[in-house]
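# Turn this into a structure:
(one chain, ligands or ions: 2)
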Amino acid sequence: MKITKLTTYRVPPRWMLLKIETDEGVVGWGEPVIEGKARTVEAAVHEYSQYLIGQDPRNINDLWQVMYRGGFYRGGAILMSAMAGIDQALWDIKGKALGVPVYELLGGCVRDKMKTYSWVGGDRPSDVIEGIRTLRAAGFDTFKMNGTEELGFIDSAKAIDAAVARIAEIRGAFGNDIEFGIDFHGRVAAPMAKVLMKELEPYRPLFIEEPVLAEQAEYYPRLAESTSIPIAAGERMYSRFEFKNVFHAGGLSIVQPDLSHAGGITECLKIAAMAEAYDIALAPHCPLGPVALAACLHVDFVSYNAVLQEQSMGIHYNKGAEVLDYVTNKEDFRIENGYIKPLPKPGLGVVIDEQRVIEASRNAPDWANPLWRHADGSVAEW
Ligand SMILES: O=C(O)C(=O)C[C@@H](O)[C@H](O)CO
Ligand SMILES: [Mg+2]
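Ligands and ions are numbered 1, 2, ... in the order given. Model prediction:
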């Protein structure tokens with residue numbers, strides 16, 4: 001079998017789908033993207049085709065090493081996201097060619113169902129209570145929300161109290177009938193992270209995500225010393241070579257690699273296994289589309305330390321398309337009481353409505369996150 005063509009489709013809301021064709025008619029789909037830099041990742045995907053066209057797509061490990069090591073420069077958000085989508089499509093092809101789901105190629109499932117969680121509230125966490133009520137009616141009991149709006153390096157007691165009051169209101173409304181993670185989204189600088197985490201302890205969030213920016217990861221062990229709240233991070237780290245330093249330094253309780261940013265299934269499987277050796281839970285990051293979610297689920301179902309799966313149904317970014325809009329086998333993604341079952345179809349288990357993708361790609365928006373500024377005019381972390 002040989003790879004014959006790579007086709008990329010940028011589609012609403014902010015995703016990109018990659019189709020890899022072969023000379024035997026087997027087609028694989030991947031979802032390479034960096035939200036806000038889709039065109040850059042698209043260029044990288046097509047630059048990698050020099051290593052792929054004419055090659056056997058089933059040689060996934062070798063093709064991964066060729067893409068990673070063959071071009072001298074390596075790593076980072078763009079290249080690892082391009083590789084991630086290509087890797088996903090190669091696993092899709094291999095599973096389809098053998099007639100089995102990817103998790104079967106990886107030794108089979110370690111669980112019958114996987115726990116998922118839903119986002120509530122938007123960039124500026126509001127309407128969270130209403131959002132939780134709606135999602136609870138749909139069977140979810142675990143949620144994630146942004147923990148704060150812009151926050152200065154050193155900010156006021158008032159700003160801290162506003163962030164804490166929102167969380168207090170949630171606990172007050174739902175007690176311990178729900179669990180929730182709080183995403184600091186890298187908006188909180190190290191000096192304030194310790195302050196804010198301490199104030200949030202009484203409300204016992206399930207985790208605090210990106211308590212500081214990934215480039216400040218050396219704070220994780222220090223923050224972990226000062227709080228009982230589990231620390232989660234990983235969406236802005238892109239290979240096991242980055243994660244190894246974080247695991248070794250300690251402080252991280254939950255690792256959240258993004259299957260469309262951290263080199264795909266091949267790399268995230270290795271990150272999951274490394275994390276297990278450190279007794280770190282796995283909760284893949286996935287605010288994206290159906291192929292990214294499917295790739296996460298295959299890693300979840302074969303990873304003992306997988307505990308929670310993010311999925312983007314109803315997320316505040318999904319303007320113009322919802323996570324299953326480009327999928328025809330929607331029933332396979334059914335979530336019951338917050339749990340999803342292994343995707344039964346061969347490959348990644350996603351049946352793409354290609355016509356719908358092509359139509360949607362005709363006027364795909366160039367999504368970009370908003371540029372925030374502090375009151376003094378300086379740039380604020382979004
Ligand atoms: O889902 C999450 O945990 C996020 O932090 C959302 C963020 O990753 C946006 O997708 C960036 O565009
Ligand atoms: Mg996040």
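# Show me what residue 116 is bridged to.
residue 309 (DSSP bridges).
# Identify the residues contacting it.
Counting by C-beta atoms under 8 Å, 6 or more residues apart in numbering, residue 116 touches 140, 142, 308, 309, 310, 311, 335, 338, 339, 340. C-betas here are computed from N, CA, C, even on glycine.
# and stretch 19-38, anywhere near ligand 1?
Yes. Counting by C-beta under 6 Å from any ligand atom, ligand 1 is contacted by stretch 19-38 at residue 35.
# which of the residues in that stretch are buried?
The neighbour-count check on stretch 19-38 (16 or more other C-beta atoms under 10 Å) flags 19-22, 26-35, 37-38 as buried.
# picking that back up, buried subset of the contacts of residue 116 as a ChimeraX selection?
Buried residues among the contacts of residue 116 (16+ other C-beta under 10 Å), as a ChimeraX selection:
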select :140,142,308,309,310,311,335,338,339,340
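# ok, back up a step: just the buried residues of stretch 19-38: which are in helices?
Members of those lying in helices (criterion: DSSP state H): residue 38.
# Give the rounded mean pLDDT of the host helix or strand of residue 6.
When elements are assigned from DSSP states H and E, residue 6 belongs to strand 3-11. Average pLDDT, strand 3-11: 98.
# again with stretch 296-315
Rounded mean pLDDT across stretch 296-315 is 96.
# and it, how far apart are its ends?
17 Å (C-alpha to C-alpha, to the nearest Å).
# Is any residue of stretch 311-322 near ligand 2?
No. Interface with ligand 2: stretch 311-322 contributes nothing (C-beta under 5 Å from the ion), its closest point being 10.9 Å away.
# contacting residues around residue 89?
18, 19, 20, 28, 29, 30, 57.
# That should have said residue 259, apologies.
84, 88, 265, 268, 284, 286, 292, 295, 296, 299.
# now do 7 Å
Each residue near residue 259 by C-beta atoms under 7 Å, 6 or more residues apart in numbering is listed here: 84, 265, 268, 284, 286, 292, 295, 296, 299.
# Kindly report the same for residue 308.
115, 117, 142, 283.
# Report the secondary structure element holding the residue nearest to residue 217 when sequence neighbours are not counted.
Among residues not flanking residue 217 along the chain, residue 246 sits closest, at 5.1 Å (C-beta to C-beta, 6 or more residues apart in numbering). Per DSSP H and E: residue 246 is located in helix 240-249.
# For that helix, name the packing helices and strands.
The contact analysis (3 or more C-beta pairs under 7 Å, 6 or more residues apart in numbering; DSSP states H and E) places helix 240-249 against helix 220-226, helix 264-277.
# which element follows the first one toward the C-terminus?
Meaning helix 220-226. Criterion used, DSSP H and E; the element after helix 220-226 is strand 231-233.
# partners of that following strand, with directions?
strand 207-209 (parallel), strand 254-255 (parallel).
# Select the longest helix from the chain.
Taking DSSP H as the criterion, the chain has its longest helix at helix 77-98.
# when you check the buried residues of stretch 19-38 against the strands, which ones overlap?
19, 20, 21, 22, 27, 28, 29, 30 (DSSP state E).
# now the fourth one, nearest residue through space, not along the chain?
Taking C-beta to C-beta, 6+ apart, and ignoring the residues beside it in sequence, residue 22 has residue 1 as its nearest neighbour in space, at 5.2 Å.
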